[in-house]
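*Asks:* My questions concern the predicted model and sequence given below.
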Amino acid sequence: MKRVWLFPGQGSQEPGMGDELLRDEPAAADLCRRAGERLGVDLRRLMADGPRASLAATAVAQTAIFALSVATAGLLGTRGLRPVAVAGHSLGQFSAAVACGALDVDTALDLVVARGRLMHEVNQRVDGGMLAVAAPSDGPWREVLDRAAAQVWIANRNAPGQTVLAGLLPDLRRLYPALAATGARLSWLQVAGPYHTPLFAEASARFDALLEAAQWHAPCCPLLGNADGRTLEHADDLRQEFLGHMLRPVDWVATMAGMGQLGVDGAVEVGPGRTLKGLALRQLPHLRCVGTGTAAERQALLAHDEETACALS
């Protein structure tokens, strides 16, 4: 089958994630160990037992999700599965870059650890947060945002009718009643900072220097951009996608539109959780979308591909 591999971002961490994979696959356990050494923590223990708050710490969560996602992609590759394209939501773009060969694992791991630490530094200085807005029409709540003198921005367009705002928490709290009065459903995200906003300008500049110094390779399959869903097929195009990525909104609606134009049969969420599977089906309900977060899901995916191969032979 022609599938796009989708890689999750921060927020998909959960104590117990990857237990079976880390127990049964030595390569996965080794990657987790190396990731923990770079952070200076027992990452496997945190992934297994938490506590939840420690696992959710910015640098820990990002490194853990990256390590588990890349390890899962490696397992699928050893079983003969190949994507026709890849895409990641925010942090997930680094996992996607490894899966398509644009970055080697160790380079990407170093970048992810540095990214998490830089973002943590900002979160320590800035009283920020994120607020999800669900509404059938963007018009009413967008008018409230546009009229407000506030340090609040659109950070993610996750699906039609689902947007995430980010900014200073006092400004978000002040806007909350007016946004709710438009009929939008609001929910606070359990994250430590105002990601994908200009508040990360200094951290982004420091991180971009690391991105420029990294060795980028021609991808073996395209990567779909977060900014506009374009199909990126050359090393320099991918590098440009990541420069300033910490500041730009994630337009997952555009990414999914780009996926839909590839004529694929479905998508595989490679890593913990099922968030991207759900978002993909909201926009492209005709596609077959599957997860890989549990052993049962991975076995079902592999069994389905083996059945398809037998039917075609």
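*Replies:* Happy to help now that I have it. Residues are numbered from 1 along each chain as shown.

*Asks:* only C-alpha atoms for contact and neighbour calcs from this point on.
*Replies:* Will do.

*Asks:* quick one, what contacts the residue nearest to residue 234 when sequence neighbours are not counted?
*Replies:* Excluding the flanking residues, the one nearest residue 234 by CA to CA, 6 or more residues apart in numbering is residue 218, at 5.4 Å. Contacts for residue 218 were tallied using CA atoms under 8 Å, 6 or more residues apart in numbering; they are 101-102, 233-235.

*Asks:* what about residue 218, which SS state?
*Replies:* Using DSSP: H, G, I helix; E, B strand; the rest coil, the structure places residue 218 in coil.

*Asks:* Next one: it relative to residue 232, how far apart?
*Replies:* From residue 218 across to residue 232, the span is 10 Å (CA to CA, to the nearest Å).

*Asks:* Which of the contacts of residue 218 fall in helices?
*Replies:* Using DSSP state H, the subset of those located in helices is residue 235.

*Asks:* Which one of the contacts of residue 218 sits in the busiest neighbourhood?
*Replies:* Neighbours here mean other CA atoms under 10 Å. Within those, the largest count is held by residue 102, at 26 neighbours.

*Asks:* wait, it sits on residue 235?
*Replies:* Yes: using CA atoms under 8 Å, residue 102 is in contact with residue 235, at 6.5 Å.

*Asks:* Find residues that contact each of those two.
*Replies:* Residues touching both residue 102 and residue 235 by CA under 8 Å, 6+ apart: 216-219.

*Asks:* Need these in a markdown table (columns: pLDDT).
*Replies:* What follows is the shared contacts of residue 102 and residue 235, written out as a markdown table (pLDDT from 0 to 100):
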| residue | pLDDT |
| --- | --- |
| 216 | 97 |
| 217 | 96 |
| 218 | 95 |
| 219 | 96 |
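
*Asks:* pLDDT (mean, whole number) over stretch 6-24?
*Replies:* If you average the pLDDT over stretch 6-24, you get 92.

*Asks:* er, stretch 122-131 actually
*Replies:* pLDDT averaged over stretch 122-131 gives 96.

*Asks:* And it, what's buried?
*Replies:* Within stretch 122-131, the residues that count as buried by 16 or more other CA atoms under 10 Å are 122-123, 126, 128-131.

*Asks:* same deal with stretch 10-29?
*Replies:* Quick answer for stretch 10-29 (16+ other CA under 10 Å): 10-15, 17-19, 21-22, 28-29.

*Asks:* Where do the strands of the stretch 1-150 of the chain begin and end?
*Replies:* 3-7, 85-88, 128-134 (DSSP state E, counting those that start in this stretch).

*Asks:* would you turn these into JSON lines with distance to residue 107?
*Replies:* Shown next, in JSON lines, are those (distance: least, CA to CA, whole Å):
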{"stretch": "strand 3-7", "distance to residue 107": "18"}
{"stretch": "strand 85-88", "distance to residue 107": "17"}
{"stretch": "strand 128-134", "distance to residue 107": "29"}
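
*Asks:* List the residue ranges of the chain that fall below the pLDDT cut-off.
*Replies:* Along the chain, the parts satisfying pLDDT under 70 run over 305-313.

*Asks:* mind giving me the domain ranges of it?
*Replies:* Following automatic domain parsing, the chain resolves into domains at 3-124+197-312, 127-188.

*Asks:* Point out the most buried one among the ones you listed.
*Replies:* Per-stretch averages of neighbours, counted by mean count of other CA atoms under 10 Å, single out domain 3-124+197-312 among the domains of the chain, with a mean of 20.

*Asks:* Please enumerate the strands of the stretch 151-300 of the chain.
*Replies:* Secondary structure of the stretch 151-300 of the chain by DSSP E, counting those that start in this stretch: the strands cover 152-159, 162-168, 185-188, 223-224, 231-232, 250-251, 266-269, 288-291.

*Asks:* Out of those, flag the one nearest residue 279.
*Replies:* Closest to residue 279 of the strands of the stretch 151-300 of the chain, according to CA to CA: strand 152-159, at 6.1 Å.

*Asks:* tell me the angle that closest one makes with strand 128-134.
*Replies:* Inter-element angle recorded for strand 152-159 and strand 128-134: 50 degrees (by axes from the mean of the first three to the mean of the last three CA atoms, to 10 degrees).

*Asks:* which other residues reach strand 152-159?
*Replies:* Strand 152-159 has contacts (CA under 8 Å, 6+ apart) with 145, 163-168, 171-172, 195-197, 248-253, 279, 282-283.

*Asks:* For residue 281, list the residues it contacts.
*Replies:* Applying CA under 8 Å, 6+ apart, the residues contacting residue 281 are 287, 289.

*Asks:* Swap in 10 Å and give it another go.
*Replies:* Listed by CA atoms under 10 Å, 6 or more residues apart in numbering, the contact set of residue 281 reads 159, 256, 266-267, 287-289.

*Asks:* Kindly report the same for residue 134.
*Replies:* Here residue 134 is in contact with 141, 159-164, 183-187 (criterion: CA under 10 Å, 6+ apart).

*Asks:* Closest one to residue 63 out of the residues you listed, please.
*Replies:* Checking the contacts of residue 134 against residue 63 with CA to CA, the nearest one is residue 164 at 22.7 Å.
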